[in-house]
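[1] got a predicted structure here, sequence first:
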Number of protein chains: 2
Amino acid sequence: MTDIIEAYLKKVLKQKEQVEIRRSEIAELFDCVPSQINYVINTRFTIQKGYLVESKRGGGGYIRIIKVQVLDELDMLNTMVEIVGNSITERDAKSVVQRLYDDKIITKREAKLMIVAMDKSLYTGNRVTDNRVRANLLRSMLVNLCYEEPNKRKAD
Amino acid sequence: MTDIIEAYLKKVLKQKEQVEIRRSEIAELFDCVPSQINYVINTRFTIQKGYLVESKRGGGGYIRIIKVQVLDELDMLNTMVEIVGNSITERDAKSVVQRLYDDKIITKREAKLMIVAMDKSLYTGNRVTDNRVRANLLRSMLVNLCYEEPNKRKAD
DNA sequence: ATTCTTGACTATCTTTGACTAATAGTAATT
DNA sequence: AATTACTATTAGTCAAAGATAGTCAAGAAT
């Protein structure tokens, strides 16, 4: 169900760069409880994945999902560094890398190298420590990409 | 039983590049406990044998087995994985990466990504812990370089 | 000795619904 | 006209229950 709603919203977002819904309408359309919509938004339309969400309650309330626009490669990388901050979960870190790949800032091989490095099982086992170390790693790699020549490889 | 399940999955993989199952369904189909499926996967569909496994838990969960192409550099990379072992210093780690680059197994960008990730300053500050985490990271990255996924043909 | 089978326990993701919070509309009061 | 109080209409939060898959170690089979 989550996947279906996600796909629906993404489909709309492919054509318009933002989508505005009424929570109860979408819930009815897919025959689920309204809070399911919040779940989809909280797990699939995060800032790490490049989305902003605004909403208003009460009469005429709405939920608006906006696809974040970035200027260029450098802007994207800087934005990502901010999002990473000094602590990040495995899931969010992987979302960030995936987004770089989707936007063709890194190659598939680079993305895979970075993604495996985000895996929880590689670290100390202390959640707080691990999230900090992961953020350090990811930030360093992102900053490093800022100084590199862009890829001039064939598309993959 | 293990052999039967292995044969079943391989038969499917002969026609498709990947197979996606629901663990409980297959367990029921062959009348075994669900964890048997994990055993089959862990012993028969390893990365060394050319298979990549992805999974998701919870509602709508799945296990996906993907056939991958093992690259020529496999031996070289396996040797390096052994050299890394379960603990490695920053200096030795960087040498390993440098060697990969000299041997043209990785690009310059990839090398730099890996090198920055080996830096002592990113870790916990505890030498023993750091060397272990660094080894974990480097090993995972090396293993990751051993194979290549087939081109996906999936509309999204 | 090694490989396989089993199941108890754990981890993660999704679904649901009761309760809470915010906003707009409306009617009564000043 | 402005304010207040109440009601209706949304959306948000959170925790429990449900649905999967993963791990691990003991025991069985080879």
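    In hand now; what should we look at?
[2] so where's chain A shaky on pLDDT?
    A:151-156 (pLDDT under 70).
[3] which residues of it lie near DNA strand C?
    Taking CB under 7 Å from any atom of the strand, the part of chain A that reaches DNA strand C is made up of A:1-3, A:32-33, A:35-36, A:39, A:43, A:56-61, A:91, A:120. For glycine as for every other residue, the C-beta is placed from the backbone atoms N, C-alpha and C.
[4] hmm, try it at 10 Å
    Neighbours of DNA strand C within chain A, by CB under 10 Å from any atom of the strand: A:1-6, A:27, A:30-40, A:42-44, A:55-61, A:89-91, A:94, A:120-121, A:125, A:127.
[5] mind checking which of those residues land in strands?
    A:Ser55, A:Lys56 (DSSP state E).
[6] among the residues of chain A next to DNA strand C, name the buried ones.
    Among the residues of chain A next to DNA strand C, the ones that count as buried by 16 or more other CB atoms under 10 Å in any protein chain shown are A:Thr2, A:Ile5, A:Ala27, A:Cys32, A:Gln36, A:Ile37, A:Val40, A:Arg44, A:Thr89, A:Glu90, A:Lys94.
[7] okay, and the residue minimising distance to the centre of chain A sits in which element?
    For chain A, A:Lys49 is the residue whose C-alpha lies nearest the centre (CA atoms, centre = their mean; 1.2 Å). Using DSSP states H and E, A:Lys49 maps to neither a helix nor a strand.
[8] these two touch, right, it and A:Lys94?
    No. Applying CB atoms under 8 Å, one finds A:Lys49 not in contact with A:Lys94, separated by 10.1 Å.
[9] and the helix or strand hosting A:Lys10 with chain B, contact?
    Per DSSP H and E: A:Lys10 is located in helix A:2-15. Yes. Contact of helix A:2-15 with chain B (CB under 8 Å from any CB of the partner chain) involves A:Thr2, A:Asp3.
[10] could you do stretch A:95-110 as well?
    Yes. For stretch A:95-110, a contact with chain B is found by CB under 8 Å from any CB, at A:Arg109, A:Glu110.
[11] flag every buried residue along that stretch.
    Buried residues in stretch A:95-110, counted by 16+ other CB under 10 Å: A:Ser95, A:Val96, A:Val97, A:Gln98, A:Arg99, A:Leu100, A:Tyr101, A:Ile105, A:Ile106, A:Thr107, A:Arg109, A:Glu110.
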